[in-house]
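# Output the structure for:
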Amino acid sequence: MTRLKVSYILLLFFIFSCSTEKINLSPIGENSVSLNGSTGSYTLGETKNLIVYSSEITSLISSFPKFRNDAVNSEVLILKSHLKDYIGAMTSYNLVGMEDSKIKFERSYKKLQKLRKFLNRDEDEVLNRYLVRIKTNMSFLNSTIPQDSVSTFKN
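Now for the predicted structure:
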């Protein structure tokens, strides 16, 4: 398949996954989508998982609340930007961009963890809920991406 067709298929999966409440997350493993030529492949199940986790992150980005602390709000905007970059790099099979965005995301995440002490209890709990859900979905995304293709680009 050409890169355009793969992007189109991923876009369709993304659109349909947003309208579905639950998707079976068990890997199917029969069909595969080429990942940047011969460097690796995603099975259909992995593609589904990528869509589910990236959709959840996108949903969290769009629903992130505003806080009373300007420093927290500024760092939240930076975190959102890095997450968008990560998902954009993932959909375009840019593994170097994914790694770069992931590192920047982790830095921003740690900074937000330090800034939480300046929030009141309710806002701290809300921020923590969002951060935990984002971190969980990022971990799931990273575990779904074939590691042999990532190591190919690093060498």
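# hey, let's count contacts and neighbours off CA atoms from now on
Will do.
# gap between Phe105 and Ile134?
Taking Cα to Cα, to the nearest Å as the measure, Phe105 falls 10 Å from Ile134.
# Same question for Pro65.
From Pro65 to Ile134 the distance is 14 Å (Cα to Cα).
# and what of Val72?
The spacing between Val72 and Ile134, counted by Cα to Cα, is 16 Å.
# doesn't Leu60 make contact with Tyr130?
Yes. Between Tyr130 and Leu60 a contact is recorded at 7.0 Å, counting by Cα atoms under 8 Å.
# in which helix or strand would I find Ile57?
helix 44-63 (DSSP states H and E).
# if we can go back for a sec, so which of Pro65 and Ile134 has more stuff around it?
A direct count of neighbours by other Cα atoms under 10 Å for Pro65 and Ile134 places Ile134 higher, at 22 against 13.
# The more buried one against Ser55, yeah?
No. Ile134 lies out of contact with Ser55 (Cα under 8 Å); the separation is 10.9 Å.
# Okay, buried residues for stretch 57-67 please.
57-58, 60-61, 64, 67 (16 or more other Cα atoms under 10 Å).
# Sounds good, over and out.
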